[in-house]
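A.B. asks: Predicted model and sequence follow; I will ask about them next.
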Amino acid sequence: MKIDIVSIFPEVFEPVFSIGMNRLAQERGLVEIAAHDLRDFTFDRHRQVDDEPYGGGPGMVMKPEPFFEAVHALVGGSPYLLPKGTRSILMAPQGRPLTQNLVKELAGAERLIILCGRYEGVDARVGTFMTDEISIGDYILSGGEIGAMVLVDAVGRLITGVLGAEESLDEESFSEGLLEYPQYTRPASWRGLNVPDVLVSGDHGAIKKWRSEASRRITEARRPDLVGYRE
């Protein structure tokens, strides 16, 4: 998969994507990640990417032209006619919530182009040539960069060959619509806190049942909305 990120702060991505799973995925040739400076797609001598909002109000709004030119340059054609397998994504608070199901959907793409807004937002006309607008939560960040990092990390780990034990993906939180069951490791007893007996019993049937029940209990307690959605 190829992932392009467009931002006025492209330098923030290098430290994040040069460690851990993201580094290994790139070294194995499974994922190619490139961050681009939005200002490189401007044509005025001031490299301006924002302007005052029509109708008045505080702050500045990001202009549509640099984003259009960025996508145009990256795909070598009109942003309205993307190559097959390409998704163009604007990180925006009003976007579609990022869920594990959406992550799985995006992981099936051949290429992702992610645009990061800043200031008071992005000119609404940018949305006319994007395939997706995505939000990572019901809160406001300073810009789309952190959201882009979250999206890339979530998608990247689903690409075949990135994780060493891919079967673990099937048991993670949200993979079956519920939160994951509690996990334990050695020592079996620590400061008076003990690992549940069933987990050290060697009875795999009982362990499977315990995990299923624990998963439902923790979901009902912390995210009851997920239980209703699943049913």
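C.D. replies: Thanks, I have the structure now.
A.B. asks: Show me where this structure has its helices.
C.D. replies: 13-17, 20-27, 64-75, 100-107, 145-156, 204-222, 224-230 (DSSP state H).
A.B. asks: Closest to the centroid, which residue in the protein?
C.D. replies: Leu151 (1.1 Å; C-alpha atoms, centre = their mean).
A.B. asks: Where does pLDDT dip in the protein?
C.D. replies: Applying pLDDT under 70 to the chain flags the ranges 164-175, 228-231.
A.B. asks: give me that answer again for 50
C.D. replies: 231 (pLDDT under 50).
A.B. asks: Now do the longest strand seen in it against helix 64-75, angle only.
C.D. replies: Criterion DSSP state E: the longest strand present in the chain is strand 86-97. Angle, strand 86-97 to helix 64-75, by axes from the mean of the first three to the mean of the last three C-alpha atoms, to 10 degrees: 130 degrees.
A.B. asks: Could you name the helices and strands sitting against strand 86-97?
C.D. replies: Packed against strand 86-97 by the contact rule (3 or more C-beta pairs under 8 Å, 6 or more residues apart in numbering; DSSP states H and E) you find helix 64-75, helix 100-107, strand 111-116, strand 132-135, helix 145-156. Glycine gets a C-beta too; all of them are placed from N, C-alpha and C.
A.B. asks: How about residues contacting that strand?
C.D. replies: 67, 71, 75, 79, 82, 102, 106, 109-117, 121-122, 126-127, 129-141, 144, 147-148, 151 (C-beta atoms under 8 Å, 6 or more residues apart in numbering).
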